[in-house]
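A.B. asks: Could you work out the structure for the sequence below:
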Amino acid sequence: MNFPAQSPVIYDIGIDIGGTFTDVVVVGTDGTVEVTKGLSTSRDQSQGAVAATMKLDLPMEKVRSIIHGTTVATNAILERRGARLALVTTRGFRDVLELQRQERSNIWDLYIRKTVPLVPRERRVEINERMSAEGEVITPICADALDHLVEKLSQIQAEAVAISFINAFANPENEQIVEEHLRRALPEVFVMRSSSVAPHFREYERTSTTAISAYVGPKLSRYLDRFEGRFTKTGFSGRIFVMGSNGGVLPIARTSAHSGTTCLSGPAGGVLATQRLAREKGTQNLISFDMGGTSTDVCVIADGRAMVSTAFQIDGLPITLPMFAIETVSAGGGSIASVDAGGLLQVGPESAGSDPGPACYGRGGKRPTVTDALCLLGLIRPESFFGGSMTLDLNAAEAAFAPLAEALDSTADATAVMTLKIANARMANAVRLVTVREGHDPRGFALVAFGGAGGLHACAVAEDLGIDHVIIPRFPGAFSALGLLSANIRRDFLRSLPARLSTLAPEHLHAALKELHQAAEEEMESMASRRPITWAFHADLRYHGQASELLVPVPREARDLREELAQAFHAQHHAKFGYDERDAEIEIINLRLTGWVEVADNRLPSAPRRSESTLSLERQPTRLPGSPEVAFAHRDVLCAGDVIDGPAVISETTGTTFVAEGWQLSVDAQGHLDIHKVLQKM
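C.D. replies: This is a model prediction of the structure:
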């Protein structure tokens with residue numbers, strides 16, 4: 001597209017980097033929207049980000065902001081390629097990361113092994129310090145201990161240090177002393193303390209969260225420096241924000257200090273976009289279904305708000321920072337189909353990624369993938385993939401499935417069909433986990449499918465779940481990048497306040513809320529640049545004797561705050577677990593405060609309406625079972641009010657949608673595709 005250099009229009013860019021593709025969305029203040037994709041560059045994601053952006057020939061001096069979703073932190077954990085990390089902890093607690101918790105993720109697995117910690121035992125350093133659970137200093141830090149610590153960390157050549165003392169949640173004084181000394185003595189070392197990351201009482205989860213943040217911090221910091229430097233060379237001089245997994249962004253200069261929040265940064269953009277779509281369509285209950293090249297991410301939006309979790313795991317490592325409750329399954333377009341040791345067909349978890357990619361990409365891939373199955377069966381037309389800028393090799397897809405079909409004593413077409421069925425079943429199961437497990441009936445939700453491959457599988461997944469409404473948003477393959485442009489600056493703050501709700505004096509509760517707000521206000525105002533700040537309080541509550549909490553909103557105005565918190569907790573507990581105990585004692589564990597600052601409000605133009613001419617559809621046979629003819633159309637020719645009966649394929653630059661037989665597509669006023677299950681006539 002031609003962007004006039006002399007135009008008064010200002011632009012914002014959203015960049016979402018996935019395992020296979022890098023998605024770029026540009027939105028102008030005049031309503032202009034442009035979307036492009038490029039192959040991700042795994043060695044340095046910033047290269048692919050700049051290359052994809054430059055394809056748009058955009059005057060970078062007219063860009064006021066770039067919002068970036070990245071997988072650098074997540075990949076560093078999954079691949080164990082973070083910093084050389086050391087842990088400083090209270091004497092006697094060296095093995096907290098090793099002991100972990102007694103629960104087993106799979107009680108039937110006789111050979112299960114605990115997750116290997118990010119810090120090996122030889123790099124865990126103890127120090128003489130002690131704080132009581134009430135915050136009283138029992139053993140202060142002495143100068144000799146600090147000098148010995150610096151010497152030890154120098155010997156083990158630590159690139160990053162996580163500090164986690166046993167009762168630092170009650171009083172961070174000793175952690176602060178160590179942090180300040182290390183920053184002076186070892187200025188080149190990345191230092192993170194638990195009382196600034198996750199100041200709650202569970203020592204294993206707190207230490208794990210701090211270790212994760214320190215482990216990915218240096219790599220993320222270096223990456224963001226390269227990212228910023230590459231875009232500065234293009235003439236860009238605006239602000240860069242980095243997406244967090246909590247649904248908010250931080251200025252790039254502050255992101256490294258909160259590196260743990262960038263885990264699942266990319267998928268959070270898609271959840272934000274789905275949440276915004278819910279407001280646009282006036283629909284309260286949606287399920288975001290983001291299927292990319294490597295994995296599929298799903299999340300529930302109930303009553304207009306995305307579900308948030310403070311008990312998440314990344315590769316078996318707990319992280320207690322607020323995150324969208326996203327369930328990820330390793331089923332994507334690049335997921336490889338293979339035969340397991342028992343002779344059964346399986347799909348994933350191994351992925352072809354972008355290099356070499358699926359066999360049909362013609363980049364050297366030889367093993368069959370989900371994308372190859374779609375190409376082989378005719379649901380993706382080779383000449384129209386990637387907006388026509390990339391032609392798929394149908395013969396290569398068929399050749400990739402031939403050995404697999406022979407091993408299964410089947411045909412290539414039948415094996416491709418089974419590959420899709422298995423992938424669909426795995427994705428449907430992920431949706432069940434985020435709905436049924438949390439007390440939601442998926443049949444009361446609409447499925448919002450996006451990502452490059454989401455629209456191709458949406459009807460099958462919805463049918464499996466009993467869902468009768470699927471929504472394919474505009475620009476589905478870059479929907480997560482578009483969601484980045486609706487993100488606000490966000491920071492989450494926490495104060496530990498363990499007490500029984502009935503015995504907690506109301507004035508003490510109000511004082512704690514006020515103290516938390518005052519502590520957060522200065523930091524938020526420094527990022528707000530005089531823009532208004534929106535605040536929201538939550539409390540972690542549980543019944544006495546329970547080991548986990550529920551996140552309950554704290555009402556802004558209440559006659560009896562404790563009573564309203566109790567009633568809200570009972571209701572939430574009943575919704576999730578099917579029961580409540582009205583007479584049981586309730587414990588408050590933490591107070592949480594979230595602050596938002598609006599960055600920009602980009603709105604998409606409405607879809608055009610059709611004139612008197614009718615929509616013309618091209619019909620072609622496919623290799624689906626029964627060889628049905630399928631109607632093919634490009635999304636650019638669709639207008640508001642158009643209706644198409646399945647089976648049909650809608651292609652566009654960023655993705656493809658398959659409307660299955662028995663489903664009907666209609667285009668709404670904003671250009672989103674509503675696909676409904678057609679009621680069968682009796």
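A.B. asks: where does the stretch 551-682 of the chain have low pLDDT?
C.D. replies: By pLDDT under 70, the weakly predicted segments of the stretch 551-682 of the chain are 600-602, 612-613, 680-682.
A.B. asks: Ignore what I typed, I meant the chain.
C.D. replies: For the chain, applying pLDDT under 70 flags the ranges 1-7, 386-389, 600-602, 612-613, 680-682.
A.B. asks: who's sitting farthest from the centroid in it?
C.D. replies: Computed with C-alpha atoms, centre = their mean, the residue of the chain farthest from its C-alpha average is residue 144, at 44.1 Å.
A.B. asks: part of a helix, is it?
C.D. replies: Yes - under DSSP: H, G, I helix; E, B strand; the rest coil, residue 144 falls within a helix.
A.B. asks: neighbours around the closest residue to residue 385 other than its chain neighbours, how many?
C.D. replies: Spatially, and ignoring its direct neighbours in sequence, residue 385 is nearest to residue 392 (5.0 Å; C-beta to C-beta, 6 or more residues apart in numbering). Every C-beta, even on glycine, is put in place using the N, C-alpha and C of the backbone. Close neighbours of residue 392, defined as other C-beta atoms under 10 Å, add up to 24.
A.B. asks: Residue 392: helix or strand, and which one exactly?
C.D. replies: In this structure, residue 392 sits in neither a helix nor a strand according to DSSP states H and E.
A.B. asks: Was I right to think it contacts residue 380?
C.D. replies: Yes - the pair residue 392 / residue 380 is scored as a contact, 6.6 Å apart, by C-beta atoms under 8 Å.
A.B. asks: if I look at the residue nearest to residue 385, how far off is residue 206?
C.D. replies: With the distance defined as C-beta to C-beta, to the nearest Å, residue 392 ends up 49 Å from residue 206.
A.B. asks: before we move on, back to that, for the residue nearest to residue 385, what are its contacts?
C.D. replies: Residue 392 sits next to 360-362, 375, 380, 382, 385 when contact means C-beta atoms under 8 Å, 6 or more residues apart in numbering.
A.B. asks: ditto for residue 519
C.D. replies: Going by C-beta under 8 Å, 6+ apart, residue 519 touches 493, 495.
A.B. asks: Let's verify it: helix, strand, or coil?
C.D. replies: Classification of residue 519 using three-state DSSP returns helix.
A.B. asks: Give me the neighbour count for the nearest residue to residue 381 once chain neighbours are set aside.
C.D. replies: Spatial nearest neighbour of residue 381, excluding adjacent residues (C-beta to C-beta, 6+ apart): residue 651 at 6.7 Å. Using other C-beta under 10 Å, residue 651 has 21 other residues around it.
A.B. asks: Repeat that for residue 102.
C.D. replies: Residues near residue 102, counting by other C-beta under 10 Å, number 5.
A.B. asks: Roughly how far does it sit from residue 548?
C.D. replies: Residue 102 sits 14 Å away from residue 548, going by C-beta to C-beta.
A.B. asks: what's the answer for residue 673, then?
C.D. replies: Residue 673 is 39 Å from residue 548, by C-beta to C-beta.
A.B. asks: Between these two, which has more neighbouring residues?
C.D. replies: Comparing residue 673 with residue 548 by other C-beta under 10 Å, the one with more neighbours is residue 673, at 24 against 9.
A.B. asks: Correct me if wrong: the more buried one contacts residue 459.
C.D. replies: No - with contact defined as C-beta under 8 Å, residue 673 does not count as touching residue 459 (11.4 Å).
A.B. asks: Go through stretch 227-234 and flag the buried ones.
C.D. replies: 227-228, 230-231 (16 or more other C-beta atoms under 10 Å).
A.B. asks: again with stretch 426-440
C.D. replies: Using 16+ other C-beta under 10 Å as the test for burial, stretch 426-440 gives 426-431, 434-435, 440.
A.B. asks: Relative to residue 321, which of the residues you listed is nearest.
C.D. replies: The closest of these to residue 321 turns out to be residue 434 (C-beta to C-beta; 18.6 Å).
A.B. asks: following the helix or strand containing that closest one, which helix or strand shows up next?
C.D. replies: Using DSSP H and E, residue 434 maps to helix 412-435. Counting by DSSP H and E, the element after helix 412-435 in chain order, helix or strand, is strand 446-450.
A.B. asks: list the helices and strands that following strand packs on?
C.D. replies: helix 265-281, strand 286-291, helix 454-465, strand 469-472 (3 or more C-beta pairs under 8 Å, 6 or more residues apart in numbering; DSSP states H and E).
A.B. asks: Now tabulate those in a markdown table and tack on mean neighbour count.
C.D. replies: Shown next, in a markdown table, are the helices and strands packed on strand 446-450 (neighbours: other C-beta atoms under 10 Å):
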| stretch | mean neighbour count |
| --- | --- |
| helix 265-281 | 25 |
| strand 286-291 | 29 |
| helix 454-465 | 25 |
| strand 469-472 | 24 |
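A.B. asks: possible to save those as CSV with distance to residue 597?
C.D. replies: Putting the helices and strands packed on strand 446-450 into CSV (distance: least, C-beta to C-beta, whole Å) gives the following:
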stretch, distance to residue 597
helix 265-281, 15
strand 286-291, 24
helix 454-465, 31
strand 469-472, 29
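A.B. asks: Wait, a strand at residue 230?
C.D. replies: No - the assignment for residue 230 (three-state DSSP) gives helix, which keeps it out of a strand.
A.B. asks: So what does residue 354 look like in phi/psi?
C.D. replies: Dihedral angles of residue 354 (phi, psi; degrees, to the nearest 10) stand at phi -100, psi -20.
A.B. asks: That one against residue 40, yeah?
C.D. replies: Yes - with contact defined as C-beta under 8 Å, residue 354 counts as touching residue 40 (5.2 Å).
A.B. asks: between the two, what contacts are shared?
C.D. replies: By the contact definition C-beta under 8 Å, 6+ apart, residue 354 and residue 40 are jointly contacted by 19-21.
A.B. asks: Return the member of these nearest to residue 196.
C.D. replies: Nearest member of the shared contacts of residue 354 and residue 40 to residue 196, counting by C-beta to C-beta, is residue 19, at 31.1 Å.
A.B. asks: thinking that closest one is in contact with residue 353, fair?
C.D. replies: Yes - contact criterion C-beta under 8 Å: residue 19 and residue 353 qualify, at 5.5 Å.
A.B. asks: so what sits against both of these two?
C.D. replies: Residues touching both residue 19 and residue 353 (C-beta under 8 Å, 6+ apart): 42, 293-294, 334.
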